[in-house]
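# What follows is a predicted structure for the sequence shown.
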Amino acid sequence: MDSEPDGSCERVDEQDMVSAMSVEVECVASRLVDHLAIEHSSLVSSCVQKIAVLTGAGVSAESGIPTFRGEGGLWRTWNATELATPEAFRESPSLVWEFYHYRRCVVAKSLPNASHYALAVLQQRCEQEGKEFTLLTQNIDGLHAQAGSTDFVELHGSLWKTRCCHCNDVRVNRDMPICAALDGKGAPDPKTTDAGIKPMDLPRCKQCNGLLRPHVVWFGEALESRVLRQVDSALQNCDLLLVAGTSALVYPAAGYVPLVSALGGVVAEFNIEDTPASRSCRFKFRGPSACTIPQALGISLGQLPQAPSSSDSSA
Ligand code: BJW
Ligand code: ZN
């Protein structure tokens, strides 16, 4: 499905054969595609009993938060993905903390956008009708919570939690700056000199004085087993998976679309471009998710607070 200039979408069917069992579900999903303002009842009184949503960095892009891949994914001379590794942290905890401090500053100045709000409304509607709904997010920014989503699963942890490298104590931490030595540091400009902060001056554990790290999942690290169980339960017998703003390159999340599709669920993708997951998606909404998600769900959000643009953000 491609966005037309007026924001409407053209439906593209990709599957020739549709199993009889999924026809009813697809009828409901096609209402999304056709923008037949889904009335609450038509989504939830249908055979769609179980809905999951998977979000990625693209849903926060319109809140001014850079995505990982593509233009926004550069911090100084580094690709964001090069810094999101345990090796980078071992080699230079100071550099990696500067990067996360910068991102905490950006997110602290950002607001949820219409994608976040529409998904929170969808959750409320599903719950009112006793339908199962689970939001799975790869994002660590917390904007889904700010928009009103509850009980969502943070696959890759949270920017607002720390973990002790020594005693593993995990805590919420919203201090800004998180330690005195990071005050004014973290500027993204490639000419910036690295702060070179000594480990003793980086964030330290209140329990044991060990070095703290962001409580996030870096490449090569396993997702928490509790999280993996929540994912399994959300995707098992899932009728409809909405997948928004993810490049579908990073596992295990990259495997969720093909999995749900193989299990007979309908998948609708919201992205500005094709991804490796697109071929498993029955419906594709092309365009910024802050437009396409509310439109497709028939959710009118009225006036929303305006997020500052990313260029307004500085550490
Ligand atoms: C818009 C938009 C708008 C823009 N509207 N859309 C199987 C095969 C091969 C490799 C592996 C495998 N299983 C595991 C691996 C290894 C690895 C992996 O996947 N590597 C791949 C690169 C190949 N995975 C792991 O290591 C994971 N661990 C694991 O599986 O443990 C077990 C294990 C370990 C080792 C080997 C085997 C098994 C952990 C992955 C952790 C990822 N961590 C990060 C950092 C989190 C902390 C932080 O934020 O700093 O998570 S990396 C980064 O990528 C971040 C993101 O959550 C994640 C996904 O990115 P996302 O959200 O998709 O963003 P982008 O930027 O990539 O895409 C944005 C999209 O939005 C684009 O499509 C745009 O078009 C779109 N867009 N504007 C709509 N307005
Ligand atoms: Zn500790």
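Structure received. Residues are numbered from 1 along each chain as shown. Ligands and ions are numbered 1, 2, ... in the order given.

# Which residue ranges of the stretch 101-250 of the chain form helices?
114-128, 143-147, 225-235 (DSSP state H, counting those that start in this stretch).

# Who are the packing partners of the longest one?
Which is helix 114-128. helix 40-44, strand 50-55, helix 58-61, strand 132-137, helix 143-147, helix 289-297 (3 or more Cβ pairs under 8 Å, 6 or more residues apart in numbering; DSSP states H and E). All C-beta atoms are positioned from the backbone trio N, CA, C, and that covers glycine.

# Can you give the distance of it from its chain's centre?
15 Å (Cα atoms, centre = their mean, to the nearest Å).

# Alpha carbons only: can I get that helix in PDB?
Presented in PDB, the C-alpha positions along helix 114-128 are these (Å, rounded to 0.1, in the frame of the first residue of the first chain):
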ATOM      1  CA  ALA A 114       0.400  10.700  16.900                       C
ATOM      2  CA  SER A 115       1.700   7.200  16.400                       C
ATOM      3  CA  HIS A 116       2.300   6.800  20.100                       C
ATOM      4  CA  TYR A 117      -1.100   8.300  21.000                       C
ATOM      5  CA  ALA A 118      -3.000   6.300  18.400                       C
ATOM      6  CA  LEU A 119      -1.500   3.000  19.700                       C
ATOM      7  CA  ALA A 120      -2.500   4.000  23.300                       C
ATOM      8  CA  VAL A 121      -6.100   4.600  22.100                       C
ATOM      9  CA  LEU A 122      -6.100   1.200  20.300                       C
ATOM     10  CA  GLN A 123      -5.000  -0.500  23.500                       C
ATOM     11  CA  GLN A 124      -7.800   1.200  25.400                       C
ATOM     12  CA  ARG A 125     -10.400   0.200  22.800                       C
ATOM     13  CA  CYS A 126      -9.200  -3.400  22.700                       C
ATOM     14  CA  GLU A 127      -9.200  -3.700  26.500                       C
ATOM     15  CA  GLN A 128     -12.700  -2.200  26.800                       C
END
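
# quick one, that helix and strand 50-55 angle?
160 degrees (axes from the mean of the first three to the mean of the last three Cα atoms, to 10 degrees).

# The last one now?
The directions of helix 225-235 and strand 50-55 differ by 130 degrees, with the same axes, to 10 degrees as the criterion.

# re earlier: save the helices of the stretch 101-250 of the chain as CSV, and put in distance to ligand 2, mean pLDDT and mean neighbour count too.
Listed next are the helices of the stretch 101-250 of the chain as CSV, based on distance: least, Cβ to the ion, whole Å; pLDDT from 0 to 100; neighbours: other Cβ atoms under 10 Å:
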stretch, distance to ligand 2, mean pLDDT, mean neighbour count
helix 114-128, 33, 95, 22
helix 143-147, 26, 98, 21
helix 225-235, 21, 98, 15
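
# Nearest to A108, out of the ones you listed?
Checking the helices of the stretch 101-250 of the chain against A108 by Cβ to Cβ gives helix 143-147 as the closest, at 10.9 Å.
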